[in-house]
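Chemist: let me see the structure of the following:
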Amino acid sequence: MASGEGQIGGAPVARTRRFAGLVDRRLRLGPPERAWLVVAVVGFIVMSAWWLTRNQRIPDWDDGAHLLDAVVAAGQIHGLQFGALFQTFNQYPPFGHVIGALGILIGKANPLSVIMASNLVFVPALAAGCYGVGTLAFGTRLAGVLAAVFALGTPMIISDFHVFMLDPPEAAMVALSVWAILASRRFDRTGVSALAGLATGLAIMTKQTAVLFVAGPLLVALVRGGWRAWRGLLAFAIVAGVICGPWYIDHFSQLQAESALLSTTSEPGYASRDRFSTDSLAWYFWNAVNTQLLVPLALLAAIGIGAALRGCLPRPRRDDLRVDLLLGGLIGWFGVTMLIHKDPRYSLPDLVYIATLGTGWIATIQRKRLRRALSGVAVAVALVNFFGVSIGIGAEKLITVAGHLPATSQNFLIYYSPYGYPDGGPQSDGNVPALMSALYREGYRYITVEDGPIGYVDFNQPGLDALAAMDGLAQTPAFNPADLGPRGVMFLLRAPVAGDPPACAKLDDGVGVYVAVGNASLPFEAMKFVCPYHHPALYSRTAPLPPAIAAYLETQIPEPWRSRIGRLLLELKAQGIAAVQFDYASANVPFFAFTPLHALAASVGVPSQPFDPTAVKPNDAFLLRHVDGADEPPPCMSFPDGTGLYIVLGYPLIPFPNYEFYCPTRTPRKYPSSTR
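Modeler: You can find the predicted model right below:
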């Protein structure tokens with residue numbers, strides 16, 4: 001097929017040619033296919049920029065951790081501490097973080113600068129790598145363009161380039177490496193071999209697992225005569241070794257320790273105890289179908305892999321590069337499958353093989369109409385994914401199957417999803433980044449974060465730490481929740497309850513974000529808050545305090561209960577009780593309040609323990625408040641609200657009806673709960 005013929009994505013032939021030719025002439029890009037490649041890359045990056053200007057959500061755990069690493073790297077580069085840059089170990093090599101750091105140094109310290117720097121470097125790299133591999137492997141630039149479109153239309157790629165993760169950069173550098181390795185003609189071209197070494201070294205300096213994904217083409221090149229081209233092979237090895245060797249040698253012991261951790265079944269996440277179980281072997285297949293690619297692209301890939309196998313077997317030609325792609329994808333898949341700890345992103349660098357094989361068969365179809373139609377289908381699927389995930393259009397569409405799919409507990413196939421992985425369309429989610437910037441402008445400089453509930457991605461420590469660091473808010477040097485200092489604040493979450501003060505911001509699920517000042521060790525109802533958006537900015541609860549909180553805040557038990565309880569404590573001491581402990585749950589009224597009880601015990605010389613029922617010994621007394629009813633045992637002291645004071649000696653974590661009570665002012669002093 002002549003380049004530009006037919007319809008691609010439904011565009012008329014003449015209009016397609018005119019537009020591609022115009023871009024081609026203006027930018028002098030060569031063939032029209034390259035112009036379309038530029039259009040795809042620029043469109044992808046523009047959409048990322050739009051998404052980032054609309055998204056106000058807190059970065060999730062991994063995204064936040066990598067953003068924080070980029071902030072640290074930017075500081076090291078700015079201070080010319082290049083030794084520290086490469087000596088710092090944060091689990092990953094530094095190349096991806098360095099690119100993010102350059103975004104901070106050129107632009108501003110915010111997620112947009114970091115993520116756009118990653119987009120500007122790695123999106124073109126991914127597209128160029130797939131284009132080059134497709135063109136070389138199938139002998140037509142259409143194959144290259146379709147491979148690049150496939151890659152940029154992959155839901156996980158779209159989503160992951162909206163955050164700062166290392167897997168898309170790793171996939172991009174692997175794509176460039178594979179292109180350069182294939183273009184070296186099995187190391188026969190020394191200059192290109194050196195470039196392949198450069199790309200491979202940078203890929204391995206992006207993430208450790210990159211070596212698994214470039215191993216296939218390297219192995220095929222060596223087996224098919226590359227070992228004889230010693231000049232090119234040496235150029236490749238020297239350049240790659242110089243780039244990545246020093247860092248891996250310096251951090252060898254740390255990498256060993258990390259590898260041991262990830263090889264244990266106690267590591268959280270998607271762990272598989274048996275590497276060779278059917279569930280383990282099929283894990284990344286179903287991950288591709290339902291998370292990474294979704295059904296339409298997975299179907300194109302399956303057809304392409306089947307066509308490549310049929311064309312290569314049983315005796316492939318020596319110049320058939322589909323062998324390199326098949327083996328490269330297989331080794332990459334097998335390598336990450338053998339890791340006990342599994343993650344949906346880990347197999348993403350296999351994308352260069354999947355995208356190329358998944359579209360190359362279309363580009364080589366002899367029938368023009370069929371070739372044009374299927375090319376249009378591939379582009380249309382990529383566009384649907386691109387706009388659907390980027391904007392968050394519609395709802396997830398899936399096919400439910402009876403029972404479950406083979407080698408997985410899943411019972412569905414997803415053919416469209418607007419959610420991406422990890423994010424779909426942009427979200428507001430309280431705009432906590434803007435709140436942090438406003439606090440900095442108000443003069444606050446130190447921040448402490450009360451981490452959200454486990455699994456609560458919208459309010460997580462790494463993401464908040466990264467935003468704080470970018471806004472100039474440092475972690476409180478010596479954390480003392482009772483005194484945050486004049487320039488310190490604490491961020492915390494609170495589901496709305498009647499009587500609460502207004503939140504400074506609200507997450508999309510309605511949970512409030514509060515910023516505490518002063519004493520953050522107090523109960524929430526007694527805290528003081530600051531919000532730059534409120535007038536006045538400093539505020540606290542105005543509704544009456546709940547009785548339990550009011551009791552907690554009492555500094556002294558009122559009379560006559562103070563004297564009565566004091567005398568009771570002295571009686572306990574006189575009868576040989578070693579220490580007392582007060583029930584936290586029932587010590588919530590002014591005449592029996594937890595904190596004043598401890599102060600009262602100290603004032604009469606009776607040792608009191610922190611609340612821990614398991615620590616109560618046989619010669620210790622546990623004091624609790626309970627309903628004084630007709631069917632209840634008599635209390636040691638009656639309170640005005642219809643409750644009474646009960647004393648238990650020894651271990652108290654048994655049902656109330658099973659207690660044997662003790663009262664130093666009664667006869668007999670010990671009595672069962674069934675006295676009445």
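Chemist: look through the chain and tell me its longest helix.
Modeler: As assigned by DSSP state H, the longest helix anywhere in the chain is helix 111-138.
Chemist: could you pull out the buried residues of it?
Modeler: 111-138 (16 or more other CB atoms under 10 Å). C-betas here are computed from N, CA, C, even on glycine.
Chemist: let me know the next secondary structure element after it.
Modeler: Sequence-wise, the next helix or strand downstream of helix 111-138 (DSSP states H and E) is helix 141-152.
Chemist: how distant is that following helix from the center of its chain?
Modeler: 29 Å (CA atoms, centre = their mean, to the nearest Å).
Chemist: hey, C-alpha coordinates of it in CSV?
Modeler: C-alpha atoms of helix 141-152 as CSV (Å, rounded to 0.1, in the frame of the first residue of the first chain):
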residue,chain,number,x,y,z
ARG,A,141,6.3,2.7,7.9
LEU,A,142,2.6,2.0,8.4
ALA,A,143,3.6,-0.8,10.8
GLY,A,144,5.7,1.7,12.7
VAL,A,145,2.9,4.3,13.0
LEU,A,146,0.3,1.7,14.0
ALA,A,147,2.7,0.3,16.7
ALA,A,148,3.2,3.8,18.1
VAL,A,149,-0.6,4.5,18.1
PHE,A,150,-1.2,1.2,19.8
ALA,A,151,1.3,2.1,22.5
LEU,A,152,0.0,5.6,23.1
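Chemist: and it, what other elements does it pack with?
Modeler: Here helix 141-152 touches helix 32-54, helix 111-138, helix 351-363, helix 368-391, going by 3 or more CB pairs under 8 Å, 6 or more residues apart in numbering; DSSP states H and E.
Chemist: how about the ones you listed in a markdown table, adding mean pLDDT and distance to V648?
Modeler: Below are these laid out as a markdown table (pLDDT from 0 to 100; distance: least, CB to CB, whole Å):
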| stretch | mean pLDDT | distance to V648 |
| --- | --- | --- |
| helix 32-54 | 95 | 59 |
| helix 111-138 | 97 | 55 |
| helix 351-363 | 97 | 65 |
| helix 368-391 | 96 | 60 |
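Chemist: with distance to Y662 as extra columns, can I get these in JSON lines?
Modeler: Below are those laid out as JSON lines (distance: least, CB to CB, whole Å):
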{"stretch": "helix 32-54", "distance to Y662": "66"}
{"stretch": "helix 111-138", "distance to Y662": "61"}
{"stretch": "helix 351-363", "distance to Y662": "71"}
{"stretch": "helix 368-391", "distance to Y662": "67"}
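Chemist: mind checking which of these is nearest I577?
Modeler: Closest to I577 of those is helix 111-138 (CB to CB; 58.9 Å).
Chemist: how far is the closest one from where the chain is centred?
Modeler: For helix 111-138, the distance to the chain centre is 22 Å (CA atoms, centre = their mean).
Chemist: go on, stretch 37-47?
Modeler: With CA atoms, centre = their mean, you get 26 Å for stretch 37-47.
Chemist: now stretch 233-245
Modeler: 33 Å.
Chemist: mind listing what's buried in that stretch?
Modeler: 233, 235-237, 239-240, 243-244.
Chemist: what does the helix or strand harbouring A257 contact?
Modeler: Per DSSP H and E: A257 is located in helix 252-262. Contacting residues not belonging to helix 252-262 are listed as 89, 91, 208, 248, 267, 339-341 [CB atoms under 8 Å, 6 or more residues apart in numbering].
Chemist: avg pLDDT for that helix?
Modeler: Mean pLDDT, helix 252-262: 80.
Chemist: extract the CA atoms of that helix and return them as CSV.
Modeler: The C-alpha trace of helix 252-262 is given here as CSV (Å, rounded to 0.1, in the frame of the first residue of the first chain):
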residue,chain,number,x,y,z
PHE,A,252,24.9,-4.1,45.1
SER,A,253,24.3,-5.0,48.8
GLN,A,254,21.2,-2.9,49.0
LEU,A,255,19.8,-4.4,45.8
GLN,A,256,20.4,-7.8,47.2
ALA,A,257,18.4,-7.0,50.4
GLU,A,258,15.6,-5.5,48.3
SER,A,259,15.5,-8.6,46.1
ALA,A,260,15.3,-10.8,49.1
LEU,A,261,12.3,-8.8,50.5
LEU,A,262,10.4,-9.0,47.2
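Chemist: and it, what's buried?
Modeler: L255.
Chemist: ok, stretch 488-507 next?
Modeler: 488-493, 501, 503-507.
Chemist: closest to D465 out of the residues you listed?
Modeler: Out of the buried residues of stretch 488-507, the member with the shortest distance to D465 (by CB to CB) is F491, at 10.6 Å.
Chemist: quickly note the distance from G335 to M173.
Modeler: 16 Å (CB to CB, to the nearest Å).
Chemist: between these two, which is the more surrounded one?
Modeler: Shown here are G335 and M173; by other CB atoms under 10 Å, M173 has more neighbours (30 against 19).
Chemist: tell me which strands and helices the host helix or strand of that one is in contact with?
Modeler: Here M173, judged by DSSP H and E, is contained in helix 167-183. Where contact means 3+ CB pairs under 8 Å, 6+ apart, helix 167-183 is packed against helix 95-106, helix 111-138, helix 155-160, helix 190-204, helix 210-223, helix 322-337, helix 351-363.
Chemist: output the below-cut-off pLDDT ranges for the stretch 501-650 of the chain.
Modeler: 552 (pLDDT under 70).
Chemist: tell me who's in contact with P349.
Modeler: P349 touches 167, 170-171, 174, 209-210, 212-213, 332, counting by CB under 8 Å, 6+ apart.
Chemist: between these, which has the most around it?
Modeler: V174 (34 neighbours).
Chemist: residues touching that one, list them.
Modeler: 129, 203, 210, 213-214, 349, 352.
Chemist: circling back to that earlier point, what is the nearest of the contacts of helix 252-262 to E33?
Modeler: Q208 (34.4 Å).
Chemist: which pLDDT value belongs to that closest one?
Modeler: At Q208, pLDDT is 94.
Chemist: next, it: phi, psi?
Modeler: phi -60, psi -40 (degrees, to the nearest 10).
Chemist: returning to that earlier point: out of the helices and strands packed on helix 167-183, which comes closest to P32?
Modeler: Here helix 111-138 is closest among these (CB to CB), at 13.0 Å.
Chemist: helices and strands around the closest one, which ones?
Modeler: Going by 3+ CB pairs under 8 Å, 6+ apart, helix 111-138 lies up against helix 32-54, helix 61-78, helix 95-106, helix 141-152, helix 167-183, helix 322-337, helix 351-363, helix 461-470.
Chemist: relative to helix 61-78, how tilted is that helix?
Modeler: Orientation check (axes from the mean of the first three to the mean of the last three CA atoms, to 10 degrees): helix 111-138 against helix 61-78 gives 100 degrees.
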